[in-house]
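In: curious how this folds, go ahead:
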Amino acid sequence: MEKKRSYYITKHGSAKTAFELREEEIPQPQAGYVRVATEGFGINFADIMARKGLYQDAPPTPCVVGYESVGLTMEKSIINGEAFPSGTRVVAFSRFGGYSTHVLADERAIQPIPEDMPLGEALALAVQYCTAYHCAEERVSIFPEDHVLVQAAAGGVGTALVQLLKRKGCTIYGTAGSEEKLKYIQDQGVHVPINYRKQDFTKVIKEMLGKRGLDVVFDSLGGKSYSDGFKALGKGGRIVGFGAAEQVDGGSQVINQLKLAANFGLFSPIQLLMNSKAMIGVNMLHVADDRPQVLARTMKAVVELWKAGEIKPVVGAEFKADRLAEAHEYVEGRRSMGKVAVRW
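Out: Numbers count the residues shown, from 1 in each chain. Below you'll find the model as predicted:
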C-alpha cells in the first residue's frame, strides 16, 4: 500500500543534518479539506528560518515545513464552493506540511491550475505571488506617478512585486547584490537597479529624488533595511514589511533577534501622523489563518493573471527531492533568482 513520504526537520541547524525522510499513512479525507498527491513543493525563505530555529510560527521539531504544493486531487472535491473531479491539477497552500508526497489543505487554500502550467511557476503563485499581490494590490494603492522601492528584488516575492508594479506604470527601484542579479531585475522591469553591496540605496534615492522621497517601500529584510527604507519615504509614503531575512546572517538566535530589534529602531505614532506616513506589516500565514477568504481571493487572482500572460514567474532552479539540503543551501546562500522548486 502506498505511503506518504515527508521530509522532517529533526533538529535545527545545517541543512545537511536537519532533514530525515519518513514514511507514514496517507491522511484520511476530512470535511472542508482536499487531499492532494503532490508532484513537488516550493522553498521559501521562511523555511530556511524554520530550519535554523529562527521562525517563531514553525512547529516544534520534529516537524514538516513547507507552504505550497502542486499535484492532483485524490477524490472529487469542493474547492471554494465549486465541485471538481478527482485528478484535478491544483496549487495548494498548506499550514506547513508541504514537504510531503501527500498534503491535506483547506479547500479555500487551493486553486485549480492548467495542466500545462510548469511546476515551478505554479509553486511560485501560492506564497510568493499571493504575498506580492496582497502587498501591492490590497494593502497599498500604486499610481503611475509613484516612485517605489523593492528590496531583494531578485528574490521570489521581489520578482513578483516587480512584475505587478510594472503593470501600474510607476518608477521602480530595486536592490540586488550582484551584477547578474542587477541585470535580471532590470530585465524584469526595474528602472533603477541598485547594488546594495556597493551602493547605499538611501543615498542613490536622495540624489535622484531629493526631499520628495519614495512613495512606497516593500521590505523583506527587516532591521536596518526597514529603518533606512522608512527614512527614505517622502510625505505620505508607505512602507510594507513582509519579512526579516536580516536575522539569518550568522550568530546565535538570541543575538540575531536582539540585533534585529535594535536595527529596526524606535518609532512613534507621532512620526506617522506628522509626516502622513504608514507602516504596514504582512504575514500571509496569519492572513490565511484568520482571513481565508483573502487567501482564496488572491490565489484566484494570480492564477488568472498567469492565464492572461500578465505575470510570468521565473524559476531559478529545480531540485530532486533527494537534494533537499542542497536546495536549502542554494536559497540560504542568496544564489537564487525567482522560485526554487523541488520535485518528487
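In: contacting residues around the helix or strand hosting E304?
Out: Taking DSSP states H and E as the criterion, E304 maps to helix 292-307. For helix 292-307, contacts defined as Cβ atoms under 8 Å, 6 or more residues apart in numbering pick out 80, 91, 93, 106, 108-114, 117, 121, 125-126, 129-130, 133-134, 137-138, 284, 287-288, 311-313. In this view, the C-beta of every residue, glycine as well, is placed from N, C-alpha and C.
In: buried among those? Make that a ChimeraX selection.
Out: Typed into ChimeraX, the line below selects the buried ones among these, using 16 or more other Cβ atoms under 10 Å:
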select :80,91,93,106,108,109,110,111,112,113,117,121,125,126,129,130,133,134,137,284,287,288,311,313
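In: just the ones of the contacts of helix 292-307 in helices?
Out: The helices, defined by DSSP state H, take in E121, C130, Y133, M284, V287, A288 from these.
In: the fifth one contacts H134, doesn't it?
Out: Right, V287. Yes - if you go by Cβ atoms under 8 Å, V287 and H134 touch, sitting 6.7 Å apart.
In: how far does stretch 173-190 sit from its chain's centre?
Out: Put simply, stretch 173-190 sits 18 Å off its chain's centre (Cα atoms, centre = their mean, to the nearest Å).
In: residues near V217, how many?
Out: 27 (other Cβ atoms under 10 Å).
In: what sits up against whatever helix or strand it lives in?
Out: Assessed by DSSP H and E, V217 sits inside strand 214-219. Residues outside strand 214-219 that contact it (Cβ under 8 Å, 6+ apart): 135-136, 140, 142-143, 146-151, 158, 161, 170, 173, 205, 225-226, 229-230, 232-234, 236-243.
In: quick check on the residues you listed: which are buried?
Out: Among the contacts of strand 214-219, the ones that count as buried by 16+ other Cβ under 10 Å are 135-136, 140, 142, 146-151, 158, 161, 170, 173, 205, 225-226, 229-230, 232-234, 237-243.
In: the residues you listed in helices, which ones?
Out: Secondary structure from DSSP H places G158, L161, I205, S225, Y226, G229, F230 of the buried ones among the contacts of strand 214-219 in helices.
In: enumerate every residue touching the third one.
Out: Right, I205. By Cβ under 8 Å, 6+ apart, I205 lies in contact with H147, L149, Y173, G213, L214, A232.
In: ok, and the closest non-adjacent residue to the fourth one?
Out: Take G213 and drop its neighbours on the chain: the residue closest to it by Cβ to Cβ, 6 or more residues apart in numbering is G234, 2.7 Å away.
In: so what's the one you found up against?
Out: L209, K211, R212, G213, L214, D215.
In: most neighbours among the residues you listed, which one is it?
Out: Neighbour counts for the contacts of G234 (other Cβ under 10 Å) peak at L214, which has 25 neighbours.
In: roughly how far apart are it and A83?
Out: 47 Å (Cβ to Cβ, to the nearest Å).
In: likewise E68?
Out: Taken as Cβ to Cβ, the span from E68 to A83 is 23 Å.
In: V150 too?
Out: V150 is 39 Å from A83, by Cβ to Cβ.
In: cool, and G42?
Out: Separation of G42 from A83 (Cβ to Cβ): 27 Å.
In: the more surrounded of those two?
Out: Taking neighbours as other Cβ under 10 Å, G42 and A83 compare with G42 leading, 29 against 9.
In: tell me which residues touch that one, please.
Out: If you count contacts by Cβ under 8 Å, 6+ apart, G42 has them with 66-69, 98, 120, 123-124, 126-128, 339-342.
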